[in-house]
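K.L.:
give me the fold of what follows.
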Amino acid sequence: MEYVYAALLLYKAGKEINEENLKKVLEAAGVKVDEAKVKALVSALEEVDIEEAINKAASVGVAVAAAPAGGEAAAQGEEKKEEKKEEKKEEPKEEEVAAGLSALFG
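P.N.:
Okay, the predicted model is just below:
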């Protein structure tokens, strides 16, 4: 997880997300750097629009937080979750990216 956080810090600071910069951030945080994870993360993030990913993640969090918690309202929430699952199936590229990233941190 610290590797992803380091990449997000670099992004937020407007710095290039490359192996050298990622290692510097991790070392500054006292993390023992795994070269393979650094290379894999940099490679995985090359094709990712981080701003778009952050916005999508934020909108999903808002939708989950706003879901009602009782009786009939809960059933409606389940229907919405099923609709979102179907929407995600239409976007395999994001799922592939997420699967690749999750494999890094098994």
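K.L.:
test my guess that Val33 contacts Glu27.
P.N.:
Yes - Val33 lies in contact with Glu27 (CB atoms under 8 Å); the separation is 6.2 Å. All C-beta spots, glycine's among them, are computed from the backbone N, C-alpha and C.
K.L.:
quick one: which of those two has more around it?
P.N.:
Val33 (17 against 12; other CB atoms under 10 Å).
K.L.:
how near is the more buried one to Glu2?
P.N.:
10 Å (CB to CB, to the nearest Å).
K.L.:
what's the answer for Val42, then?
P.N.:
For Val42 relative to Glu2 (CB to CB), the value is 15 Å.
K.L.:
the more surrounded of those two?
P.N.:
Set Val42 next to Glu2 and count neighbours by other CB under 10 Å: Val42 wins out with 18 against 14.
K.L.:
now the more buried one: which helix or strand?
P.N.:
Assessed by DSSP states H and E, Val42 sits inside helix 35-45.
K.L.:
do the same with Val60
P.N.:
helix 50-65.
K.L.:
pLDDT averaged over that helix, what's the number?
P.N.:
The pLDDT scores in helix 50-65 average 76.
K.L.:
try stretch 2-11
P.N.:
On average, stretch 2-11 scores 93.
K.L.:
burial count for Ala57?
P.N.:
Neighbours of Ala57 (other CB under 10 Å): 10.
K.L.:
residues contacting it?
P.N.:
By CB atoms under 8 Å, 6 or more residues apart in numbering, no residues touch Ala57.
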